[in-house]
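Novice: Would you be able to build a 3D model of this:
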Amino acid sequence: MDIRKVSKAVAGAVAAGATAPGVMAVSIPHGVEAPWWGYVLAGVVSAVISYAGVWLAPANRPTA
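Specialist: Numbers count the residues shown, from 1 in each chain. Got it, this is the predicted structure:
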């Protein structure tokens, strides 16, 4: 498997993993009660940010 063909997806997965806890912490701080849909909404926002990051990233193009 050539990592160059999937590097955009790998970068998106790393970005998603790095930003998801931050989005949840900022959206619903510790000690604050939130309804069940608040957690669902925070998860959806995190997924949209991750998807947008991968979609907007430059495409993998062969250099030579």
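
Novice: show me where this protein has helices.
Specialist: 3-27, 36-56 (DSSP state H).

Novice: pLDDT of the last one, averaged?
Specialist: Throughout helix 36-56, pLDDT has a mean value of 80.

Novice: tell me the angle it makes with helix 3-27.
Specialist: 150 degrees (axes from the mean of the first three to the mean of the last three CA atoms, to 10 degrees).

Novice: circling back: any chance of the helices of the chain in JSON lines, plus mean neighbour count?
Specialist: Every residue, glycine included, has its C-beta placed from N, CA and C. Listed next are the helices of the chain as JSON lines, based on neighbours: other CB atoms under 10 Å:
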{"stretch": "helix 3-27", "mean neighbour count": "13"}
{"stretch": "helix 36-56", "mean neighbour count": "13"}
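
Novice: Please name the nearest non-neighbouring residue to residue 28.
Specialist: Closest residue to residue 28 apart from its sequence neighbours, by CB to CB, 6 or more residues apart in numbering: residue 34 at 4.9 Å.

Novice: neighbours of that neighbour, just the number please.
Specialist: A count of nearby residues for residue 34, using other CB atoms under 10 Å, gives 12.

Novice: What distance do you get for it to residue 4?
Specialist: Distance from residue 34 to residue 4, counting by CB to CB, to the nearest Å: 42 Å.

Novice: Many thanks, have a good one.
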